[in-house]
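Novice: Next one to model:
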Amino acid sequence: MPNIKLNLEYSGVTEKEILKYEQKVLKIYDNLVEKSKDENEFVGWLKLPSNYDRKEFERIKKAAKRIRKNSQVFIVIGIGGSYLGARAVIESLTSNFANLMPDDIRKAPQIFFVGNSISPNYVNELIDCIGDKDVSINVISKSGTTTEPAIAFRIFREYLESKYGTEEASKRIYVTTDKNKGALKQLADEEEYETFIIPDNVGGRFSVLTPVGLLPIAVAGLNIDKLIEGAKNGEYNFSDSSIKYNQCYKYAIARNILYEKDKEIEILANYEPKLHYFTEWWKQLFGESEGKDKKGIFPAGVDFTTDLHSMGQYIQDGTRNVFETVINIEKSKTDIKIKRDEDNIDGLNYLAGKTMDYVNKKAMQGTIEAHVEGEVPNIIINIKKLDEETMGELIYFFELACAISGNILGVNPFDQPGVETYKTNMFRLLGKPGYKKQ
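Specialist: Sure, this is the predicted structure:
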């Protein structure tokens, strides 16, 4: 049984409209299956949950166990898909305050992410935060020359070598990169760093279920076997050729139908702060995949109820070119019952005996009703609970939906030509050899 259920009741999209796309979507899926057999196509993620490298998977678990034993701090160096997926899963499934907890309660290293900006303040403050704690790092880059992570790796490699000496530092540096080529691969071979492989046919934003995401997730103490099992459930559930019962196909189709109705912005909304970085991963997945050829749905995100007190006004009454996709967690991991107060100065006694999760769910229901009334269609994605299996299935759900949606839109969802423009300008301004002044 799927852990994910789609509710289109508030979307304004009808079953009849969706079924019109049946043959087109089935053809798209069959084409993806064919491409997944070609190592030169970026569709390796499609069958990855049932066809991953078991030996490397076991090496990941052994490395994670070693890091958890000898390190108080684990630093993940990467940008974009090289860190967002791992951070999304870790923050969704661990305590909001994991890094602040004592080691004996956390039972895992503090995990920090760097190399996703070029801020000297961030790097210096992270070094101050680490202090004299024992550290290991995982640098993630296919080429090893992407500016942001390359700068961070240079700094933290020097930091480790200064702290431990070259030989010991090499045992604390883990590299996730291309299997054959690139500057990082060359360095890893020379220094004998333990190395994990980014598959040739899996692009960065689709790579969370490869070593790119799995090593940091395992270091955090999460069960990567269950994560993959959930994704495998998704691979099976969302290959159903019946559009009527395939939740993933219906989501991909519904968002394109809304786009055709001039709903150009999709806002992913959640009512759980743990999902903030999941939203960031989702934004990259759809933004880089669909924003091409002067078209595409713009992906945005909000954390409710927090952002109801900031973005809520715009969503309710602003330009009517938006729709929302709401992730609803049916069962909260914990809960708190609201007690009666004798003075009732805050006027909350009407909530006495109710739980915070109950109040949160009613806030969600009221918000959906208000926004729909304000001409903002809502798609609801119901998930049973936040755990590894559900998260694995949800990741696969969005990856497949993104690939199908991009093909419906008529773009290649697996390239990102526009990303190179800023780099060319930056390299020219920095005087990088080979980039002439204009």
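
Novice: check contacts around Val322.
Specialist: 263-267, 315, 376 (Cβ atoms under 8 Å, 6 or more residues apart in numbering). From N, CA and C alone the C-beta is placed, and that goes for glycine too.

Novice: mind running it again at 10 Å?
Specialist: Val322 makes contact with 258, 263-267, 298, 300, 314-315, 371, 374-377 under the criterion Cβ atoms under 10 Å, 6 or more residues apart in numbering.

Novice: ok, the residues you listed vs Pro109, which is closest?
Specialist: Ala300 (32.8 Å; Cβ to Cβ).

Novice: Not including adjacent chain positions, what is the nearest residue to the closest one?
Specialist: Ile267 (4.8 Å; Cβ to Cβ, 6 or more residues apart in numbering).

Novice: Could I get the phi/psi values of that neighbour?
Specialist: phi -110, psi 120 (degrees, to the nearest 10).

Novice: Surely it touches Gln316?
Specialist: No - counting by Cβ atoms under 10 Å, Gln316 is not a contact partner of Ile267; they are 12.0 Å apart.

Novice: Touching both of these two, which residues are there?
Specialist: In contact with both Ile267 and Gln316: 371, 376, using Cβ under 10 Å, 6+ apart.

Novice: who has more neighbours, the two?
Specialist: Neighbour totals were compared for Ile267 and Gln316, and Ile267 leads with 22 against 15 (other Cβ atoms under 10 Å).

Novice: For Cys402, see how far away Leu409 is.
Specialist: As judged by Cβ to Cβ, to the nearest Å, Leu409 and Cys402 stand 10 Å apart.

Novice: sorry, that was for Ile79
Specialist: Using Cβ to Cβ, one gets 19 Å for the distance from Ile79 to Cys402.

Novice: With neighbour numbers in mind, choose between these two.
Specialist: Cys402 (25 against 22).

Novice: Isn't that one up against Pro413?
Specialist: Yes - counting by Cβ under 10 Å, Pro413 is a contact partner of Cys402 at 6.0 Å.

Novice: where do the contact lists of those two overlap?
Specialist: Contacts common to Cys402 and Pro413, judged by Cβ under 10 Å, 6+ apart, are 205-206, 285-286, 288-290.

Novice: Strands along the stretch 151-300 of the chain, start to end?
Specialist: In the stretch 151-300 of the chain, the strands defined using DSSP state E, counting those that start in this stretch lie at 173-177, 194-197, 265-270, 298-303.

Novice: Please save the CA atoms from the shortest one in CSV.
Specialist: Yep, that's strand 194-197 we're talking about. The C-alpha coordinates for strand 194-197 follow below in CSV (Å, rounded to 0.1, in the frame of the first residue of the first chain):
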residue,chain,number,x,y,z
GLU,A,194,37.9,6.6,0.7
THR,A,195,35.8,7.3,-2.4
PHE,A,196,32.1,6.7,-3.3
ILE,A,197,30.7,7.0,-6.8
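
Novice: just the strands in the stretch 1-150 of the chain please.
Specialist: 4-7, 73-77, 110-114, 135-140.

Novice: Mind listing the strands the third one pairs with, and their directions?
Specialist: Partner strands and pairing direction for strand 110-114 (DSSP bridges) are strand 73-77 (parallel).

Novice: can you pull the buried residues of stretch 11-31?
Specialist: 11-13, 17-18, 21-22, 25, 28-29 (16 or more other Cβ atoms under 10 Å).

Novice: In helices, which of these fall?
Specialist: Mapping the buried residues of stretch 11-31 onto helices (DSSP state H) picks out 17-18, 22, 25, 28-29.

Novice: coming back round to it: ok, the contacts of Val322 vs Gly230, which is closest?
Specialist: Taking these together and measuring to Gly230 by Cβ to Cβ, the closest member is Glu266, at 23.8 Å.

Novice: okay, now the spatially closest residue to the closest one that is not a sequence neighbour: neighbour count?
Specialist: Of all residues beyond its chain neighbours, the one nearest Glu266 is Ile297 (5.0 Å), with distances taken as Cβ to Cβ, 6+ apart. Using other Cβ under 10 Å, Ile297 has 20 other residues around it.

Novice: Now do the same contact list for Ala254.
Specialist: 6, 8, 11-14, 17-18, 21, 323, 325, 377, 379, 401, 405.

Novice: Correction: the previous question concerned Tyr259.
Specialist: Per Cβ under 10 Å, 6+ apart, neighbours of Tyr259: 265-266, 290, 295-297, 321, 323, 405, 408-409.

Novice: got a list of what the nearest residue to Asp303 once chain neighbours are set aside touches?
Specialist: In space, and not counting its chain neighbours, Asp303 is closest to His276: 5.6 Å by Cβ to Cβ, 6+ apart. Residues near His276 by Cβ under 10 Å, 6+ apart: 87-88, 91-92, 96, 270, 301-303, 306.

Novice: where are the low-confidence patches of the chain?
Specialist: Low-confidence segments of the chain (pLDDT under 70): 437-438.

Novice: Show me it divided up by domain.
Specialist: Domain assignment for the chain by automatic domain parsing gives 4-35+242-409, 48-222.

Novice: Compare those domains and give me the one nearest Leu430.
Specialist: Going by Cβ to Cβ, the one of the domains of the chain nearest Leu430 is domain 48-222, 8.9 Å.

Novice: What is the distance between the closest one and the centre of its chain?
Specialist: 16 Å (Cα atoms, centre = their mean, to the nearest Å).

Novice: ok, now stretch 221-229?
Specialist: That offset, for stretch 221-229, works out to 15 Å (Cα atoms, centre = their mean).

Novice: Equivalent analysis for stretch 317-327, please.
Specialist: With Cα atoms, centre = their mean, you get 21 Å for stretch 317-327.

Novice: May I see the buried residues of that stretch?
Specialist: Under 16+ other Cβ under 10 Å, the buried positions of stretch 317-327 are 322-327.

Novice: would TSV of those residues with distance to Ala183 be doable?
Specialist: TSV is the format used below for the buried residues of stretch 317-327 (distance: Cβ to Cβ, whole Å):
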residue	distance to Ala183
Val322	42
Phe323	43
Glu324	43
Thr325	39
Val326	43
Ile327	39
